[in-house]
Every structure is written in C-alpha cells, then in structure tokens.
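Novice: Kindly return the folded structure for what I paste below:
(chains A and B, ligands or ions: 2)
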Amino acid sequence: MSTDTEVATGDPAATAGAPGAAVTTSGLSKRYRGGQLAVDGIDMVVPAGSVYGFLGPNGSGKTTTIRMLVGLIHPTSGSLELLGTAMPGGAVRVLPRVGSLIEGPAFYPQLSGQANLARVDAADRTADPATARARIGSALERVGLLHAAGKRYRAYSLGMKQRLAIAASLLRPRELVILDEPTNGLDPQGTREVRGLIRSIAAGGVTVLVSSHLLAEVEQICTDVGVMRTGQLVFQGTLEALRARGARRIRIRTALAGKAAEVLGTLGLADVKEAAGEVSAQLGERAPEEVCRELVLADIPVAGLDTPRPSLEDLFVELTGEGFDVGG
Amino acid sequence: MSAADAAVAARARAGRRPSAVAAWFRLLRSELGLVFRRRRNQALLAVLVVLPVTLGIVLRLSSPRGGDGGPNSSLLDQLAGNGIFLAFLALTILLTLVLPLVVAVVAGDSVAGEAGSGTIRYLLAVPAGRTRLLSVKYTAVVVFGLAACIVVVGAALAAGAALFPVGPVTLLSGTTVPLSEGLLRVLFITLYVAAGMAALGAIGVAVSTLTEHSIGAIATVLVIAVASEVADNVPQISAAHPYLPTHWWLSFDALLRSPIDTTTLLHGLLSFGVYAVIFLSLAWARLTTADITS
Ligand SMILES: Nc1ncnc2c1ncn2[C@@H]1O[C@H](COP(=O)(O)OP(=O)(O)OP(=O)(O)O)[C@@H](O)[C@H]1O
Ligand SMILES: [Mg+2]
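Specialist: Numbers count the residues shown, from 1 in each chain, chains lettered A, B, ... in the order given. Ligands and ions are numbered 1, 2, ... in the order given. Model prediction:
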C-alpha cells in the first residue's frame, strides 16, 4: 500500500517544468444573468508550487471565480489560463491535471463513497479503468475514509462528505488542486486534518488553490494569498507581503498616559489611542527612538515601549470590511 | 529518485490512457448502472411487468369476445385464438400513458437530476465533456426505453402463452403466418415502439437541460406527450396530425398486415428521427452554453 498512498500526489517534473504560474487571469469578469457583477476584472496569478489562499467574505466572488477556472461558467469578459492552457478552450486537455472541489460536496446519495468515486473516475476519459480500484482506494485512504468506503453517501456525516469530495480531487496525479472552502462544516479537529492534507498535497509539488472566508483557517499553510472584496481582488501577494502591509504602531506604557498622548499628537502621529497606563498611535514615518526621546524630554516616565504589527486577521478585516458586508 | 523518474513512476501508477471509444463505453456503463439500479426506475419496470399480466388475466376472465367495434376490437377478437396478441394489446394500451411516463421519468431526470443534486459540476470538472455527457445520457435513455418495451412485450408474451392458446398467427389482413414469423414481427414491433420512445426521450433530455428540477422536467414531457395525443384526436386539425410526436406510435399495426405497410412504417421512423435530431440539437445547444451554477 505504500506506493499506492502516493498515487494522488502530483507529477513534480511537470509542475517544475511549467514556467511561471499555475493560474493566471486577466481582466476576468462575470456578470450573472440576473445582472449581478459577481467578479469584476480580476488579475489573478497563482504561482506554480504555491499554496494560494483565496480569501474573501461571503458573496465576494470566490466560488464564481473558481467556477470560471474549471469551465463551469463562461467569463463575461477577460481571459484565463490554467497550467499554461487557455480556458475554457483547453478544458479537455488541462482539466485532467486539475483536481477540484467546488462549492461543497455533491454526490449520489444512494451510492457508497467508493461507488461515487468510481462514477467520477468513469467520467474521466484519460483515466485507466485497470488502475481505478487502486486509485480509488488510495484516495479514500488519504482522506481517512477507507473504513466508510462501502457506506452509502446518504449516511455520511458532513465531514465525511467533505472528505469524499477531496478524495475525488485526488483520484489522479494532479498538478493543481482547487479546493473551494474544503473546511466548511468541519469541526476544529477536521479542519486541522484538512490542513494537514493540504500540506501533504503541496509537499508533492502540487499547486493548491484553497478558498476560505477565514484567514486564520489557511494562514498556517498558505504561501500566497489573494483577497476578494465585492468581486475585486483587493490584495494579492505572498503572506509576508500581506504582513508587511500592516501599518506599525507604537505603544508606550506610562503613568502619564494623558500627557504622553499630547506629545504623540504634537509629533503628528495619527490615530492616537489612550488607555489606562498606556497610549498608542500609528508610527508612520517616525523612528521609535525619536518618539521615545521626545517623550523623555517632555519628562514622561516611559515604563515600556514596543512597536507591534497588527495581526493578519486585523489586516484581513481591514481589507474586506467588517461585519456582514455581503457583496451585492 | 530524480524528478524525471518520479514523473515516469507517477505516470505508471496512473495507468495508461484508454481509447476514446473505450472511455465512452465506460461512462455509458456507469450511467446505465445508475439508471437501472435506481429503485424508482426498477419499480417502473416492475409496473411494466404487472400491467400486461393483469391485462391478460382480466381478459381471460371476462369474455375475450367483449370487443365490439372499439379501436382494439380486432386485436381483442384475435386474442381469444392466440396469446401472442396480448403483446400487441398491451403495447397499444400502455402507449397511451404508461410507457411515455416511464420514458419521461428517465429522460426528464437525466440532466436535471444531476443539476439539481450538483453532481453535474463534478462530472463536468473531471472533465466529462458536455457533448460527451449528453451523448451518454441520451444513449442511456434510449436503452432504458428499449428495455421498457422489451419488458412489456416479454411479460405479455409470457402471460399470453400461459392464459391463451398459442399457434400460427392470423394477421389483421386475414392471412395466417407461422408462429415463428409472428414472433419475428413482434420483435420488429418492439423495436419500432422503442424508436418512438427514443424520440420522446430526445424531447425529455432537451427539457431536462432547461431546469434543475427533475419533477418539473418529467411533468413537462408527460404534458407534451398527452397534449399531442389529445391533439391527434381532434379532427379539425387533421392536417397537423402527421407532424405530432405521438401520431405514429400506434402505426406498428402496419407490421400486422401482409404485405407489411412499409410506407407508414417509414413515415413513422422518419418522424421519430426528425424529432430526435431537432430536440437533441436543442439539448446540445443548451447544455454546451449553459452556466452550471448548481
Ligand atoms: N447563479 C447565480 N446567479 C446570480 N447571482 C449569483 C449566482 N451565484 C452567485 N451569485 C452572486 O454572485 C456573488 C458572488 O457569489 P460567490 O458565490 O462567488 O461568492 P463566494 O465568495 O463564493 O461566497 P461564499 O463565501 O458565501 O461562498 C454574490 O453576490 C452572489 O449573490
Ligand atoms: Mg463560495
């Protein structure tokens, strides 16, 4: 079984050989028939070999983008390439190298998990029926569903359904795996397992595009992120680049918080916040040591000083807006 | 292991690529498995066994000579002398509603069912190919329609043989042919009716591509069939009758005459073929351009 467990990992040579990006879109837009502009001219680049976190609140256009990537819906304008092949024209050639989970699991309730995967595999004109059993078995094993292989899909729990959908995307060696909210409905344990699974997929050299509306959920596994807001890609880059975007603040612990706040104000620092025994402000272009000297010159006892960066979650909320900011 | 070796190994584990034809038949097998293993469809086939048998028993118990001037009277008269006529009677009666219903259920569900449950997006992302999926779906509908006709005829022949005498067949035109030729004519009639059901199946598949609700698609197909049958009985529009999708279904009795009325049969087959081509084209145009958002 040891070789079989590797069946669903990618073809490293092919991935490494593909120059540039696994996914590129340019000016990609989708207006649904209802008149809804769900995706608004996004230029997306998913570097080959990356784990790309595709983030955004509900209704921001993640699923719509993914549907266009796998050719389920036609772009209203713009173009896209998967693994260097233009879509949707090259779908037949390129999609067998792409595994996908789109908008939650959907299978035949009367069939077992195994039979459902056999159905999906039968639809693949490039899959060898002789190896189907072994490939289905190893895909089920990878997602930890081997024990429930013969159970009817109807009787699966939500987590099991989700795993079966991931297994379906791992039926063949892939170069790109697209997972739309793979942790939807999973408990914290299940979420962690899916994260581990994504790591193991990526370790085989496979590019992974994983969508989520929670940054915290994918932060630990992503190398790159794209952030959607009401149909637009408001940020794209490496996780470090996202972190670096955060405006640094200066935080001073002092007994004379009120006076310290005044000094920070006269120094021209923005967003001065005062709390008991503590005052903070945006650092801007000032050096922290300069601020410290001014405070000491103003006879303010500085008990402590640091320059924290905002958490990624804060940045994410700043990018996507707070609360139920549902697009459209 | 170098990257190239890894690639070779990965390809070896993935197996070799089958031919396009073999892959198509693999998907068809999968589709037929889904259709024939579905409880609902099995129940429909069971009904198609029960009805001809019940019909035979009822006719055996009542006087088989009860037919007096009704449209089936000649078939009814013949039944007393030969059980084989139960097959023709059963087809004639079931063609008014039950057989179209069975075909409507499977055809109406074909695409709409997958769209409603969302499984179609997984098939298309594989990619199954939209044209290829449609061809497999329609083939499965045709096979199921043929199976339905065979079940009706098979059950009717068995019940007819058990309940009535069997022997040389006296045709509607008065000539008598040996039993073997009679059975051969039964086979051709079965195929002819199955062709009519295939045309209805094409309408059903086309309707099925328009919605995510299979019940709606099934009902629509059934309404089309019944409306056509009603229109076929309105003498004021008799000029339009030959163009109705159901008009030629019962023309299978052309095979019960000697010589066989081939003109009528060919008209019927032409009508079925035209309906199939038109509605499959519509289904194809719809499915290959539709946004799959279910
Ligand atoms: N089939 C459809 N017809 C019309 N509008 C749609 C359709 N599907 C989605 N939309 C609209 O497009 C916008 C983007 O939806 P989409 O499903 O892509 O968001 P999402 O980022 O995947 O959200 P979520 O996190 O809730 O899954 C929403 O405003 C939604 O209402
Ligand atoms: Mg979504």
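Novice: which residues touch residue B:148?
Specialist: B:44-45, B:48, B:99, B:102-103, B:197 (Cβ atoms under 8 Å, 6 or more residues apart in numbering or on different chains). The way it works is simple: take the backbone N, C-alpha and C, and place the C-beta from them, glycine included.
Novice: What are the buried residues along the strand or helix carrying residue B:33?
Specialist: Residue B:33 belongs to helix B:20-37 when assigned by DSSP states H and E. Using 16 or more other Cβ atoms under 10 Å in any protein chain shown as the test for burial, helix B:20-37 gives B:23-24, B:26-28, B:30-35.
Novice: Residue of chain A closest to chain B, please.
Specialist: Closest to chain B within chain A is residue A:128: 2.6 Å, counting by Cβ to the nearest Cβ.
Novice: re earlier: mind putting the buried residues of helix B:20-37 into a markdown table with pLDDT?
Specialist: Shown next, in a markdown table, are the buried residues of helix B:20-37 (pLDDT from 0 to 100):
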| residue | pLDDT |
| --- | --- |
| B:23 | 93 |
| B:24 | 95 |
| B:26 | 95 |
| B:27 | 96 |
| B:28 | 97 |
| B:30 | 96 |
| B:31 | 97 |
| B:32 | 97 |
| B:33 | 96 |
| B:34 | 96 |
| B:35 | 96 |
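Novice: then the longest strand anywhere in chain A to PDB, C-alphas only?
Specialist: Taking DSSP state E as the criterion, chain A has its longest strand at strand A:21-31. Listed next in PDB are the C-alpha coordinates belonging to strand A:21-31 (Å, rounded to 0.1, in the frame of the first residue of the first chain):
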ATOM      1  CA  ALA A  21       2.100  30.400 -12.900                       C
ATOM      2  CA  ALA A  22      -0.400  27.600 -12.400                       C
ATOM      3  CA  VAL A  23      -3.300  30.000 -12.800                       C
ATOM      4  CA  THR A  24      -3.400  33.400 -14.500                       C
ATOM      5  CA  THR A  25      -6.400  35.500 -15.200                       C
ATOM      6  CA  SER A  26      -6.500  38.900 -16.800                       C
ATOM      7  CA  GLY A  27      -9.500  41.200 -16.500                       C
ATOM      8  CA  LEU A  28     -11.600  38.300 -15.600                       C
ATOM      9  CA  SER A  29     -15.200  39.300 -15.000                       C
ATOM     10  CA  LYS A  30     -18.500  37.600 -14.600                       C
ATOM     11  CA  ARG A  31     -21.900  39.100 -14.700                       C
END
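Novice: what does it rub up against?
Specialist: Contacts of strand A:21-31 (Cβ under 8 Å, 6+ apart): A:15, A:37-50, A:52, A:61, A:64-65, A:68-69, A:73, A:75-83, A:175-176, A:207, A:209.
Novice: Low-confidence stretches in the stretch 101-250 of chain A?
Specialist: Of all residues in the stretch 101-250 of chain A, none has pLDDT under 70.
Novice: pLDDT on stretch B:137-155, on average?
Specialist: Mean per-residue pLDDT for stretch B:137-155: 97.
Novice: how about the helices in the stretch 101-250 of chain A?
Specialist: Along the stretch 101-250 of chain A, counting by DSSP state H, counting those that start in this stretch, helices occupy A:113-123, A:132-142, A:158-169, A:188-203, A:215-218, A:239-245.
Novice: In this structure residue B:102 contacts residue B:44, no?
Specialist: Yes: using Cβ atoms under 8 Å, residue B:102 is in contact with residue B:44, at 4.8 Å.
Novice: between those two, who's got more neighbours?
Specialist: residue B:102 (24 against 20; other Cβ atoms under 10 Å in any protein chain shown).
Novice: what separates that one from residue B:59, distance-wise?
Specialist: Remark: distance between residue B:102 and residue B:59 (Cβ to Cβ, to the nearest Å) = 22 Å.
Novice: now residue A:274: how far from residue B:255?
Specialist: 98 Å.
Novice: So for those two, which residue has more residues nearby?
Specialist: Legend: neighbour count by other Cβ under 10 Å for residue A:274 and residue B:255, higher for residue B:255 (23 against 15).
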